[in-house]
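S.K.: Structure for the following, please:
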Amino acid sequence: MSTALAYPHVIHSDKELAEYTEHLRSLTAKARPTRAEVADIELLTLLIVSYEDEHYPIPDASPVDVLRFLIEHNGLAQRDLVPELGNEATVSLVLSGERQLTRKHIEKLSARFHVSPAVFF
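M.R.: Model (predicted):
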């Protein structure tokens, strides 16, 4: 563990962001984090979000716009989302805006694309 992580502080560079993010991933991968680790997860999350909001603001986008972007960015077809959304009809309805994503859909999509569930709200 680096000194920066032993004594967390406001993130000042992309290098620190990468280091904090990797440490956060390792903590959140634990099945049963300790109380201290949960506190570290909360603090690292706040520090990372603060840095990203300032340096990489995300423009407002609808959940469908976000999903379309993720599909395109990952070179996927609509049918590739069947495991997350249930069936091709549901995928089509969601992408056409005729059906909203459920909490379960958002959980699965967040895991698949490694993004915060917040991007779908």
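
S.K.: May I see the buried residues of the regular element (helix or strand) spanning Leu109?
M.R.: For Leu109, the host element (DSSP states H and E) is helix 103-113. Using 16 or more other C-beta atoms under 10 Å as the test for burial, helix 103-113 gives His105, Ile106, Lys108, Leu109, Ser110, Phe113. For the C-beta atoms, the positions are set from N, CA and C on the backbone; glycine is no exception.

S.K.: which secondary structure elements does that helix contact?
M.R.: When contacts are defined as 3 or more C-beta pairs under 8 Å, 6 or more residues apart in numbering; DSSP states H and E, helix 103-113 packs onto helix 63-73, helix 82-85.

S.K.: Could I get the CA-only coordinates of that helix as CSV?
M.R.: Taking C-alpha atoms only, helix 103-113 is exported to CSV below (Å, rounded to 0.1, in the frame of the first residue of the first chain):
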residue,chain,number,x,y,z
ARG,A,103,-33.7,-2.0,-10.4
LYS,A,104,-32.6,-5.6,-11.4
HIS,A,105,-31.7,-4.5,-14.9
ILE,A,106,-29.6,-1.6,-13.6
GLU,A,107,-27.8,-3.9,-11.2
LYS,A,108,-26.9,-6.3,-14.0
LEU,A,109,-26.0,-3.6,-16.5
SER,A,110,-23.8,-1.9,-13.9
ALA,A,111,-21.9,-5.1,-13.2
ARG,A,112,-21.5,-5.9,-16.9
PHE,A,113,-20.2,-2.5,-17.9
